[in-house]
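Colleague: whatever this is, show me its structure:
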Amino acid sequence: MRYPSAALILRSTNKWGPNGLGNNSVLVGAGLCFKVSEYISGWLEETFNKTTKGGLYSTVSITDYYTSNDFPSDLVGLIYEANPWTHIEGEGTLLQLECILADQPMLSNRIRLSNKKDKLGMTKIIIDYQTHSLDKLKTYYELQIV
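Modeller: Down below sits the predicted model:
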């Protein structure tokens with residue numbers, strides 16, 4: 001999760017930054033979004049000579065849209081080719097896709113600091129999160145078509 005970086009900035013208060021360094025706008029930690037992702041793997045019959053240098057890669061990206069007038073939003077998610085983290089021997093080429101679904105951003109969804117301390121003396125964080133009404137409608141729609 002990425003919220004520790006927001007918590008670090010919020011905890012970095014001084015006389016010049018009473019809301020945390022660089023947080024005069026009070027936007028640090030605001031607009032919290034969560035992403036859901038799933039990996040799908042399969043074999044292609046063709047063998048491709050893929051040589052990658054430098055580690056992980058992403059070569060193809062598809063934005064997933066629903067075009068139905070009944071669907072409450074156009075954009076559903078993102079699908080891209082991901083580097084397989086396992087090396088399985090087989091015939092053909094192993095293809096792995098990652099599918100990412102994101103929620104609608106809302107400024108009221110945020111990371112903020114508690115008045116309480118943890119056992120190490122660090123200020124605890126609080127996650128304020130509400131589901132956007134559009135995300136509720138998308139979920140309801142998707143449950144109806146399954």
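
Colleague: output the below-cut-off pLDDT ranges for the chain.
Modeller: 1-4, 46-68, 71, 74-76, 82-88, 90, 142, 145-146 (pLDDT under 70).

Colleague: mind naming the longest helix for it?
Modeller: helix 133-145 (DSSP state H).

Colleague: residue contacts, S114?
Modeller: T123, K124, I125, I126 (CB atoms under 8 Å, 6 or more residues apart in numbering). C-betas here are computed from N, CA, C, even on glycine.

Colleague: return a ChimeraX selection command for the buried portion of these.
Modeller: To isolate the buried subset of those in ChimeraX, counting by 16 or more other CB atoms under 10 Å, use the following:
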select :125
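
Colleague: for the residue positioned nearest the centre of the chain, which non-adjacent residue is spatially closest?
Modeller: The chain has K35 as the residue nearest its centroid, 3.1 Å off, counting by CA atoms, centre = their mean. Nearest residue to K35, sequence neighbours excluded (CB to CB, 6 or more residues apart in numbering): A102, at 5.0 Å.

Colleague: need the contact list for that neighbour.
Modeller: C33, F34, K35, V36, G77.

Colleague: next one: L137
Modeller: P72, S73.

Colleague: that one and T131: what is the separation?
Modeller: Computed as CB to CB, to the nearest Å, the L137 to T131 distance reads 10 Å.

Colleague: before we move on, the earlier item: phi, psi for the residue nearest to the centre of the chain please.
Modeller: phi -120, psi 140 (degrees, to the nearest 10).

Colleague: cool, the one 4 residues further on as well?
Modeller: Summarising the backbone geometry of Y39 under the convention degrees, to the nearest 10, its torsions are phi -100, psi 140.

Colleague: strands of this protein, start to end?
Modeller: Ranges of strands within the chain are 35-44, 61-65, 75-82, 93-102, 110-117, 123-128, based on DSSP state E.

Colleague: no further queries at this time; thank you.
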